[in-house]
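[1] Output the structure for:
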Amino acid sequence: MTMNSLALIVALFAPAHPAVKPSIQYTLRVDSADLSGWTVEIILRTTSDTVRLAMAAHPEYDDRYWRYVRDVAVEPSGTVSRVDSAVWQVVAPRGVVTVRYRIALPPAEPGERLRASWRPYLTPTGGLIGGPHAFMYVLGAEDTSSIVRLELPSSWEIATGLAPTRDPKTFTAANAAALVDSPILVGRLRQWRFVEGGVTHRIVYWPLPNATPFDTVAFVSGIRSLVHQVTALFGRAPYREYTLQFEDGAYSGGLEHRNSVTLGASSAELARDPNAVIQETAHEFVHTWNLMAIRPVEYQDIDYRTQPPVSSLWFSEGLTMFYADLLLRRAGIPLRDSTRIAHLERLIGSYVFNPAYVRFSAESISRVAYNVQPGELGDYSASTHLQGELIGTMLDLIVRDATHGRRSMDDVMRLLFDRVSADPGPAARGESYRIDGRTIEQAVESVCGCDVTPFFDAHVRHAGVIDFDRYLGLLGLTTRVTWAPAMYNGEPERDLRIYGFEPSSPDSGLRLVVTNPSSIWGRAGLHSRDRLVGINGAPVRTWSELRTKLQGFRLGDTVRVQVQRSAPFEATVVVAGFERPTVRIERLPNATVAQRRLAEAAIF
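    Numbering: from 1, shown residues only. Predicted coordinates:
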């Protein structure tokens, strides 16, 4: 292709919105006769004879998709060599260079029942493409805009956060970060639109061929109510338009992006309850503000290397959990926990049950939340989501009490968002306000006019059990905790607080993860990352096989577990039950009128 031809394409597909003229063009092709993957073509205008291309690593789920790149070639002449696991070097004459490669979709992971909603796939009626699973980016040209052209089966529609152009199959990305942060849902789609806060929001649903009919009016209504509440909380949207991408046949996990989200939503579940995935939708949508706009200081915009540990995920994840629950209640949408009190009782019960929260600080648990192998906390397992939601709840009570109910964590979130650059786009890259534990602490103190350093010292920077009665007491409330044998379906529950994982290295074998050292497995001498050899003399090689074994055990069974460390070790485990706490939040008999009002305002 000549330089004039490339210039013609750029002019033809100029975006509807004013933008910098792109100098990189991508074409992604899906052949309906071969759905094992797709091909990508990159046309570059180069001023150097050497260009390096990389596959980006997602900050949360680095699934190393560079492993599935095939047949990299350059035209009209030149050479391609791999210089790192995720980096290719192209040496070619200066001018217009075309690079082609194929992405070969990997098989399902061992034991995988449903596909994760953020993982790409192709079927005869559509799929999920694009993002870090498809596009290489040019190292050194991360701020360069690009054109993305899709060649798809003729009946397929397109839904993506990429900027549209006059051509419905051509889009633009303002920079490489926007390119890889904009997955593309394609196929036979159902779509709905609404405007909130002056911004268009699009709901897109990809159904399975045998999809169960569901109440789409109620489905859309619930999402619209959610969007209204989140926009009301923050005051404005950090995007020009937003796309919610729902997939039938994927589990209800999700992944947030700057102006879109991918979510699993089973049509069968939606038929039973149109709001079946509303809590997960709320969580991922709030992330648009609290993670994508209000970004941790460690977050990289784009990199082919794994994201370094992030110390403030307790806030980015935990406060997002806090608001996913609270805002849906403000919208009047029924939730799993019938009341805010019941929700907090369940959370505190989980916290009390797990000794990890006494042993590890919120920042230390945050640092191992993503991109590490299981067992990073030894024989403990902890959730930065749970820990952060409870910390956020206690901070909310502190702020309400210190300001006599005039302010709350709502004001903290708005303050942090206001500090983000007014331009949420790529022009603000490198200038945006970033957060860590200290900036969060300062924002809370700015809102409440109180000293929260002791709280952050005790629970964020160091490990210390939260005294829930101290903070609930500010609202005239207290907890009552009782312990009793754990029950499931009316029968004593077996202690199965252990699981297995298969490291990426093929010769690593199946590794154990003990989630509580006081479990029957921990007390028998087993430890996380022990290499499992067998159970009762029979080899166990995969997590699926181990799960089947565990589900087959009955109370009183004696189990011999053979593992390999520096030397062979055998543990004898007698399957037994365990105790679980029940938490009840009650009103103090001497609660004042002011405390009761604070509790009512906090939806307690």
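
[2] Pull the number of nearby residues for the residue lying closest to residue 106 once chain neighbours are set aside.
    Leaving aside its sequence neighbours, residue 106 sits nearest to residue 68 (C-beta to C-beta, 6 or more residues apart in numbering; 5.6 Å). Placement of C-beta: from N, CA and C, glycine included. Residues lying near residue 68 (other C-beta atoms under 10 Å) number 16.

[3] what are the phi and psi angles of residue 68?
    phi -110, psi 10 (degrees, to the nearest 10).

[4] Just confirm residue 83 contacts residue 72, I think it does.
    No: counting by C-beta atoms under 8 Å, residue 83 does not reach residue 72; the two are 12.0 Å apart.

[5] who has more neighbours, the two?
    residue 72 (17 against 10).

[6] That one belongs to a strand?
    Yes: secondary structure of residue 72 (DSSP: H, G, I helix; E, B strand; the rest coil): part of a strand.

[7] picking that back up, ok, the residue nearest to residue 106 - contacts?
    By C-beta atoms under 8 Å, 6 or more residues apart in numbering, the residues touching residue 68 are 37, 103-106.

[8] okay, the residues you listed in JSON lines with neighbour count, distance to residue 474 and secondary structure next?
    Converted to JSON lines, those look like this (neighbours: other C-beta atoms under 10 Å; distance: C-beta to C-beta, whole Å; DSSP: H, G, I helix; E, B strand; the rest coil):
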{"residue": "37", "neighbour count": "20", "distance to residue 474": "57", "secondary structure": "strand"}
{"residue": "103", "neighbour count": "22", "distance to residue 474": "54", "secondary structure": "strand"}
{"residue": "104", "neighbour count": "12", "distance to residue 474": "57", "secondary structure": "strand"}
{"residue": "105", "neighbour count": "18", "distance to residue 474": "53", "secondary structure": "coil"}
{"residue": "106", "neighbour count": "13", "distance to residue 474": "52", "secondary structure": "coil"}
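
[9] Among the residues you listed, which one sits closest to residue 177?
    Taking C-beta to C-beta as the measure, residue 177 lies nearest residue 103 of these, at 19.8 Å.

[10] Now residue 261. Nearest residue, chain neighbours left out?
    That would be residue 284: by C-beta to C-beta, 6+ apart, it lies 4.6 Å from residue 261.

[11] Now do the helix or strand where residue 242 lies: everything it contacts.
    Secondary structure from DSSP states H and E places residue 242 in strand 241-247. Residues outside strand 241-247 that contact it (C-beta under 8 Å, 6+ apart) are 117, 128, 159-161, 183, 185, 199-206, 223, 227, 259-265, 277, 281, 285, 288.

[12] Filter these down to the buried ones.
    Buried members of the contacts of strand 241-247, scored by 16 or more other C-beta atoms under 10 Å, are 117, 128, 159-161, 183, 185, 199, 201-206, 223, 227, 259-265, 277, 281, 285, 288.

[13] Near residue 257, how many other residues are there?
    24.

[14] roughly how far apart are the closest residue to it other than its chain neighbours and residue 586?
    In space, and not counting its chain neighbours, residue 257 is closest to residue 181: 5.0 Å by C-beta to C-beta, 6+ apart. Distance, residue 181 to residue 586, by C-beta to C-beta, to the nearest Å: 46 Å.

[15] Compare neighbour counts for the two and give me the winner.
    Higher neighbour count among residue 181 and residue 586: residue 181, with 25 against 13, using other C-beta under 10 Å.

[16] Quick check: that one touching residue 133?
    No: using C-beta under 8 Å, residue 181 is not in contact with residue 133, being 11.8 Å away.

[17] where exactly do the strands run in the stretch 351-500 of the chain?
    Ranges of strands in the stretch 351-500 of the chain, per DSSP state E, counting those that start in this stretch, are 434-435, 477-485, 487-488, 491-492, 498-501.

[18] hey, where'd the helices end up in the stretch 201-350 of the chain?
    216-234, 267-272, 278-286, 313-330, 340-353 (DSSP state H, counting those that start in this stretch).

[19] Check the stretch 351-500 of the chain too.
    Ranges of helices in the stretch 351-500 of the chain, per DSSP H, counting those that start in this stretch, are 356-359, 362-367, 384-402, 409-419, 437-448, 453-456, 468-472.

[20] now swap in the stretch 1-150 of the chain and tell me
    According to DSSP H, counting those that start in this stretch, the helices that the stretch 1-150 of the chain contains are 3-12.

[21] so how far does stretch 345-362 reach from one end to the other?
    20 Å (C-alpha to C-alpha, to the nearest Å).

[22] ok, now which ones touch the residue positioned nearest the centre of the chain?
    The centroid of the chain falls nearest to residue 255 when counting by C-alpha atoms, centre = their mean (4.4 Å). Neighbour list for residue 255: 60-61, 117-118, 183, 261-262, 284 [criterion: C-beta under 8 Å, 6+ apart].

[23] what do you get if the cut-off is 7 Å, keeping everything else the same?
    Residues in contact with residue 255 (C-beta atoms under 7 Å, 6 or more residues apart in numbering) are 117-118, 261-262, 284.

[24] Just those residues: which are in strands?
    261-262 (DSSP state E).

[25] can you put the contacts of residue 255 in TSV and add distance to residue 545 and pLDDT?
    Below are those laid out as TSV (distance: C-beta to C-beta, whole Å; pLDDT from 0 to 100):
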residue	distance to residue 545	pLDDT
117	26	94
118	27	93
261	35	97
262	31	97
284	33	97
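
[26] of all the contacts of residue 255, which comes closest to residue 168?
    Nearest to residue 168 among the contacts of residue 255, with distances taken as C-beta to C-beta, is residue 262, at 20.8 Å.

[27] and that closest one, how far is that from residue 443?
    Taking C-beta to C-beta, one finds residue 262 at 30 Å from residue 443.

[28] With residue 556 instead?
    54 Å.

[29] same deal with residue 332?
    With C-beta to C-beta as the criterion, residue 332 and residue 443 are 29 Å apart.

[30] and what of residue 150?
    Residue 150 sits 42 Å away from residue 443, going by C-beta to C-beta.

[31] what about the nearest residue to residue 79 once chain neighbours are set aside, how many neighbours?
    Leaving aside its chain neighbours, residue 79 sits nearest to residue 91 (5.0 Å; criterion: C-beta to C-beta, 6+ apart). Neighbours of residue 91 under the rule other C-beta under 10 Å: 15.

[32] Tell me who's in contact with residue 91.
    49-50, 78-79.

[33] Residue 184 now?
    Residues near residue 184 by C-beta under 7 Å, 6+ apart: 129-130, 158, 160.
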